[in-house]
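Student: give me coordinates for this.
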Amino acid sequence: MHAIGVNTWVWTSPLDDAALAELAPKVAAAGFDCIELPVENLGDWQPGAAARLLAEHGLSASVALVMPPGRELVAADDATVKSTQDYLRAVADIAAEVGSPVIAGPAYSSVGRTWKMSEKDRADCLEQLRDNLSPVAEHARAAGVTVAVEPLNRYETSLLNTVAQTLEALTDLDGCGVAIDVYHQNIEETDIPAAIRAATGRIAHVQVCANDRGTPGTDHLDWPGILAALADAGYTGPLCIESFTAHNASIATAASIWRPLAESQDALAADGLAFLRELQKGG
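Tutor: A predicted model of the protein is given here:
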């Protein structure tokens, strides 16, 4: 049975200490096992206080790295690459402090950055990614944390869209795994279970939601097939619901959430949790 988690983006952005103090007991009372904590900016929330709060409520942690404009590991100047590496190393330290085994997200380029590449351009970018992510992965590995690299859909990046592309990018890159987000893979993969099985032994984190970013199970996705593929791939980590609120202007724009995706954000989380629990029981 996978632990079930939920990202605080379901309710708020950016996460801060006050919001986490309100959300942690709510998430625990709803029956979740894990809470996913985005680090939009260093210092938004304090990891020591977060660790104590989560322990108080019996929650494990997962940490999401965030790549807004200006955070780049490819096709960027040296100063930008260095500042991005510094950010990612700091996020790995935060993850270690709150007990998260991963930092997950598109650890290569800012979300929404797209550009046309020739085959040579792409090969050069992948080489840059390996070179620039390697010291971050080494730092994370020393802290007991894996960098889970997330492919995004074609509208949010032009570099890594599929699991296969991500596996290629991570060739010979120790300390890194693949982060699966079924929202993106629903757009990019012709066979989601097959893509998952192709990443056997490399899946470090999984995020789930409906195909429209809403409640898991209220959609057309082959959830039994996805779960079976994760089992075949040897993934035993949490399934974390990642959705977003339409009531926050900045996050609504970033995630293109233009309408409510459920009766309420609380209902999205609770109904998604109930579905995922029943799914794992074979329901």
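
Student: what ranges do the strands span in this structure?
Tutor: Applying DSSP state E to the chain gives strands spanning 4-7, 34-39, 60-65, 102-105, 146-149, 176-181, 203-208, 239-241.

Student: and those: which comes nearest residue 251?
Tutor: Comparing those by their distance to residue 251 (Cβ to Cβ), the top pick is strand 34-39, with 9.8 Å. C-beta: built from backbone N, CA, C; applies to glycine.

Student: other SSEs contacting the closest one?
Tutor: Counting contacts by 3 or more Cβ pairs under 8 Å, 6 or more residues apart in numbering; DSSP states H and E, strand 34-39 is packed against strand 4-7, helix 17-30, strand 60-65, helix 78-98.

Student: out of these, which one sits most buried?
Tutor: strand 4-7 (a mean of 27; mean count of other Cβ atoms under 10 Å).

Student: contact partners of that one?
Tutor: 27, 30, 32-36, 38, 60, 62, 64, 207, 238-243, 269, 272-273, 276-277 (Cβ atoms under 8 Å, 6 or more residues apart in numbering).

Student: now do 7 Å
Tutor: Residues outside strand 4-7 that contact it (Cβ atoms under 7 Å, 6 or more residues apart in numbering) are 27, 32-36, 38, 62, 64, 238-242, 269, 273, 276-277.

Student: biggest helix in the chain, by residue count?
Tutor: helix 119-142 (DSSP state H).

Student: for it, buried residues please.
Tutor: Buried residues in helix 119-142, counted by 16 or more other Cβ atoms under 10 Å: 122, 125-126, 128-130, 132-134, 136-137, 139-140.

Student: stretch 97-116 now?
Tutor: In terms of neighbour count (16+ other Cβ under 10 Å), stretch 97-116 has its buried residues at 97-111, 113.

Student: count of neighbours near the nearest residue to residue 21 once chain neighbours are set aside?
Tutor: Among residues not flanking residue 21 along the chain, residue 53 sits closest, at 6.4 Å (Cβ to Cβ, 6 or more residues apart in numbering). A count of nearby residues for residue 53, using other Cβ atoms under 10 Å, gives 21.

Student: residue 173 touches residue 134, doesn't it?
Tutor: Yes. When contacts are counted by Cβ atoms under 7 Å, residue 173 is listed as touching residue 134 (6.2 Å).

Student: how about the strands of the chain in CSV, adding mean pLDDT and distance to residue 247?
Tutor: Below are the strands of the chain laid out as CSV (pLDDT from 0 to 100; distance: least, Cβ to Cβ, whole Å):
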stretch, mean pLDDT, distance to residue 247
strand 4-7, 98, 16
strand 34-39, 98, 17
strand 60-65, 98, 20
strand 102-105, 98, 23
strand 146-149, 98, 28
strand 176-181, 98, 22
strand 203-208, 98, 21
strand 239-241, 98, 17
